[in-house]
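Enquirer: need a structure here:
(one chain, ligands or ions: 1)
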Amino acid sequence: MFNVILFGPPGSGKGTQSENIIQKYGLIHLSTGDLLRSQIAAHTALGLEAKKLMDKGELVPDEVVIGMIDDSIASFPDAKGFLFDGFPRTVAQAEALDNLLQKYNASVNVLISLQVEEEELVARLLNRGKTSGRSDDSNESVIRDRIKEYHKKTTAVETYYTDLGKAVTVKGQGSVEDIFGLLSAEIDKRK
Ligand code: B4P
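Expert: Prediction:
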């Protein structure tokens, strides 16, 4: 299995670039944001709880997202590998992911971190909020809280994989095609 984490703050282009990467490399796309939004759309108890936190720009509890990822990995027994988008977002999630992948004799091959300036992130998310219907994209103070939450809890995940020699940084500003070229080059180096 070949496993990639696409990493970066909210609005850095993880969802956008994931579509290109899964097509090119035949990986299974696992986005915890998408999984949570489908729970919300299905009005499940988990979705109702998650929505309260997501609408405030806060993270959903680790055990909830770890359970979702565990189930998702198990449902693709023939996967060539996974692209993790928006997961892990805490060190506890990173440790859990390493343990889950060990069950399949696999590990994270690379974490690619997209670097984008804060004002660009806010502008992108407000712009997406005009059409996405996402309540967490329509309010600037919620967007800034999401970015704060990222600095408080999520940047440590990059340090965790840097210490393992698995993290790499890519500039996330520019055209979607140019950024995809940079991401592909990093994946190709490790395949
Ligand atoms: P996510 O769904 O992961 O959403 P995101 O970080 O906001 O978006 P993403 O980074 O994928 O968006 P993209 O840049 O592609 O999370 C939502 C919430 O779910 C979190 O706040 C949290 O509450 C919860 N959650 C999710 N995972 C969790 C976890 N593991 N643990 C706990 N809680 C969790 O797109 C942004 C915009 O930028 C788009 O409009 C796009 O078109 C535009 N864009 C992309 N690339 C561009 C470029 N190069 N130039 C210009 N615009 C660009």
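Enquirer: Can you name every helix or strand that the helix or strand where Asp178 lies contacts?
Expert: When secondary structure is defined using DSSP states H and E, the element that contains Asp178 is helix 176-190. On a contact count with 3 or more C-beta pairs under 8 Å, 6 or more residues apart in numbering; DSSP states H and E, helix 176-190 meets helix 14-25, strand 110-115, strand 167-171. In short, each C-beta sits where N, CA and C put it, glycine included.
Enquirer: of all the ones you listed, which lies closest to Thr32?
Expert: Closest of these to Thr32 is helix 14-25, at 10.6 Å (criterion: C-beta to C-beta).
Enquirer: and the angle for the closest one with helix 176-190?
Expert: 50 degrees (axes from the mean of the first three to the mean of the last three C-alpha atoms, to 10 degrees).
Enquirer: coming back round to it: out of the helices and strands packed on helix 176-190, nearest to the ligand?
Expert: Smallest distance to the ligand across these (C-beta to the nearest ligand atom): 3.2 Å, for helix 14-25.
Enquirer: Is any residue of the closest one near the ligand?
Expert: Yes: under the criterion of C-beta under 6 Å from any ligand atom, helix 14-25 makes contact with the ligand via 14-16.
Enquirer: Next, count neighbours for the residue lying closest to Asp62 once chain neighbours are set aside.
Expert: Here the nearest residue to Asp62 in space, its sequence neighbours aside, is Ala92; by C-beta to C-beta, 6 or more residues apart in numbering that works out to 4.7 Å. As a burial measure, the neighbour count of Ala92 was computed by other C-beta atoms under 10 Å and equals 16.
Enquirer: and whichever residue of the chain sits closest to the ligand, what helix or strand is that in?
Expert: For the chain and the ligand, the shortest gap (C-beta to the nearest ligand atom) falls at Gly33, measuring 1.8 Å. Here Gly33 sits within helix 32-41, counting by DSSP H and E.
Enquirer: For stretch 41-56, give me every contacting residue.
Expert: Contacts with stretch 41-56, where a contact means C-beta atoms under 8 Å, 6 or more residues apart in numbering, come from 36, 38-40, 59-60, 64, 135-136, 142, 145.
Enquirer: Kindly report the same for stretch 73-87.
Expert: Counting by C-beta under 8 Å, 6+ apart, residues outside stretch 73-87 touching it are 1-6, 14-15, 18, 21-22, 25-34, 65, 69, 93, 97, 100-101, 104, 106, 108-109.
Enquirer: Kind regards, and thank you for your time.
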